[in-house]
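# Have a look; sequence and predicted model below, questions after that.
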Amino acid sequence: MAKIVTIINFKGGVGKTTLAVELSTSLARFYGKRTLLVDLDPQASATFFVMEQEKWAKWKSTNGSTADLFEQPHHFSMRKAIVQDVLRDRTNVFGFDLLASNPDLVDVDLRLADFVGYTVLQRALDQVQNEYDYIICDCPPNFNPVTKNALWTSDAYIVPTIPDFLSTYGIGLLQRSVHKLFSSVNHATAFGGPVHGGIVLTRVRATKLHSYYCDQVRFDYPGKVFTNGISDSIAIAGAADDRTPISALNPPKGHTIELQQQFQSTAGEFITRIYHLRSQNVPAMSQLG
């Protein structure tokens, strides 16, 4: 059964989508893990990172998207909506599937505002959870009902952050928000919410300021910070423009060699961390029936 992990930070521009896409690619390519990326951001950045807009437009019309999942949950077919091996047309990466997003998710948020329980996504993922090793949810930088749906079904959440004041300031707030969301169900079920699976330092520069904040985050959150971080590079933006993740380049060239190694190492550490957290944690809500 898949481990479900949400990638989240209340601060935008911290490399959240890049991490979600590159993790999904690395897990599939380097570790042979069947991975489903669920794009829950109305901006659809993860979707357009790996899928051409023309193909996406046709796909969402005939097969569906995450917006349809929330709008018509009782008539939505996950297997039909999932783009299998989304990178196969231009890379040798197989095992990375995508559930595409849709800007219409903005309107879905409004209709879900008074929804209690946040189990729509959980019920949809139940259809395919046994078919994957990992399901990764890429969320918008807020705590809206769609984000809460992702957390409700997740075993853990990962926080990417740039090592600076504005990006790291909200980590504590995020933890408290997750705790508050599940505090009401703690006593009624065995599930206390997803575990904080770790912090990934992104867009790291070789400066005294970034070095200071890297040390500060490690001090504030002992044992939570991934050993592997991701360097800042214009090559990452270029990868999104080319719709080819750095983890899929074969062979990588120049600075992308180091970046690919960083993403691969981060994915390996992700596997280890999620395994140990999951073995120590109580069952996720999706496994409680």
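Great, that's in hand.
# what's around residue 82, how many residues?
21 (other Cβ atoms under 10 Å). Every C-beta, even on glycine, is put in place using the N, C-alpha and C of the backbone.
# oh sorry, the question was meant for residue 230
24.
# Can you tell me the closest non-neighbouring residue to it?
Distances taken as Cβ to Cβ, 6 or more residues apart in numbering place residue 202 nearest to residue 230, at 4.6 Å, with adjacent residues excluded.
# Surely residue 45 and residue 15 touch.
No. Look at residue 45 against residue 15 with Cβ atoms under 8 Å: they stay out of range, at 11.0 Å.
# buried residues in the helix or strand of the chain with the lowest mean pLDDT?
Among the helices and strands of the chain, helix 105-111 carries the lowest confidence by mean pLDDT, DSSP states H and E, at a mean of 77. Using 16 or more other Cβ atoms under 10 Å as the test for burial, helix 105-111 gives 105, 108, 109.
# For that helix, name the packing helices and strands.
Applying 3 or more Cβ pairs under 8 Å, 6 or more residues apart in numbering; DSSP states H and E, one finds that helix 105-111 makes contact with helix 66-71, helix 145-153.
# how about those in CSV, adding distance to residue 275 and mean pLDDT?
Converted to CSV, those look like this (distance: least, Cβ to Cβ, whole Å; pLDDT from 0 to 100):
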stretch, distance to residue 275, mean pLDDT
helix 66-71, 27, 94
helix 145-153, 19, 93
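# how about the ones you listed in TSV, adding mean neighbour count and distance to residue 53?
Output for these, formatted as TSV (neighbours: other Cβ atoms under 10 Å; distance: least, Cβ to Cβ, whole Å):
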stretch	mean neighbour count	distance to residue 53
helix 66-71	23	16
helix 145-153	24	22
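# show me where pLDDT drops low in the stretch 51-200 of the chain?
110-117, 184-191 (pLDDT under 70).
# all helices of it, in order?
53-62, 66-71, 78-81, 105-111, 120-125, 145-153, 165-169, 171-186 (DSSP state H, counting those that start in this stretch).
# Can I get those in a markdown table including distance to residue 249?
Output for the helices of the stretch 51-200 of the chain, formatted as a markdown table (distance: least, Cβ to Cβ, whole Å):
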| stretch | distance to residue 249 |
| --- | --- |
| helix 53-62 | 21 |
| helix 66-71 | 28 |
| helix 78-81 | 28 |
| helix 105-111 | 30 |
| helix 120-125 | 30 |
| helix 145-153 | 29 |
| helix 165-169 | 27 |
| helix 171-186 | 31 |
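# Compare those and give me the one nearest residue 234.
Residue 234 sits nearest to helix 165-169 of all the helices of the stretch 51-200 of the chain, at 18.9 Å, using Cβ to Cβ.
# where's residue 198 relative to residue 159, distance?
Residue 198 sits 7 Å away from residue 159, going by Cβ to Cβ, to the nearest Å.
# who's more crowded, the two?
Each of residue 198 and residue 159 has its neighbours counted (other Cβ under 10 Å); residue 159 has more, 28 against 23.
# any idea how far the more buried one is from residue 17?
From residue 159 to residue 17 the distance is 14 Å (Cβ to Cβ).
# Check residue 259 too.
Separation of residue 259 from residue 17 (Cβ to Cβ) stands at 15 Å.
# One more: residue 59?
Distance from residue 59 to residue 17, counting by Cβ to Cβ: 19 Å.
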